[in-house]
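**Student:** sequence unavailable; structure follows:
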């Protein structure tokens, strides 16, 4: 039971970080001259890649948050 809680928390953190980095990257390329965030320092990711990263992060965060609520019930 405790391992599931730790796993869900780690997945939530990864999801939120991916969501923020994807949002920053897409926002920077759409509204600025280059991507914002850390990923642009290491890789040249197209705008669509940042959008997919943000959507995947949102899905992970949503899944783990609902799993945490289900575990409490």
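**Tutor:** That came through fine. Only a predicted model underlies this, so the values are computations on that prediction, with no experimental measurement involved.
**Student:** number of nearby residues for residue 29?
**Tutor:** The burial count assigned to residue 29 is 20, neighbours taken as other Cβ atoms under 10 Å. (C-beta placed from N, C-alpha, C; glycine too.)
**Student:** surely it and residue 47 touch.
**Tutor:** Yes - counting by Cβ atoms under 8 Å, residue 29 does reach residue 47; the two are 4.6 Å apart.
**Student:** ok, and what's touching stretch 12-29?
**Tutor:** 34-40, 45, 47, 49-65, 68 (Cβ atoms under 8 Å, 6 or more residues apart in numbering).
**Student:** just for the chain, where's the confidence low?
**Tutor:** 1 (pLDDT under 70).
**Student:** which ones are touching residue 50?
**Tutor:** 21, 22, 23, 24, 25, 26, 29, 35, 39.
**Student:** do residue 40 as well
**Tutor:** 25, 28, 34.
**Student:** PyMOL command for the buried members of those residues?
**Tutor:** Restricted to buried positions by 16 or more other Cβ atoms under 10 Å, the PyMOL selection for the contacts of residue 40 reads:
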select buried, resi 25+28
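**Student:** among the contacts of residue 40, name the ones in helices.
**Tutor:** Counting by DSSP state H, these place 25, 28 in helices.
**Student:** make JSON lines out of the contacts of residue 40 and add distance to residue 11.
**Tutor:** Output for those, formatted as JSON lines (distance: Cβ to Cβ, whole Å):
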{"residue": "25", "distance to residue 11": "21"}
{"residue": "28", "distance to residue 11": "26"}
{"residue": "34", "distance to residue 11": "30"}
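**Student:** I'd say residue 60 and residue 10 touch.
**Tutor:** No - Residue 60 sits out of contact with residue 10 when judged by Cβ under 8 Å, with a separation of 10.2 Å.
**Student:** show me which of those two is the more surrounded one.
**Tutor:** residue 60 (19 against 11).
**Student:** give the contact list for the more buried one.
**Tutor:** Residue 60 sits in contact with 11, 12, 14, 15, 18, where contact means Cβ under 8 Å, 6+ apart.
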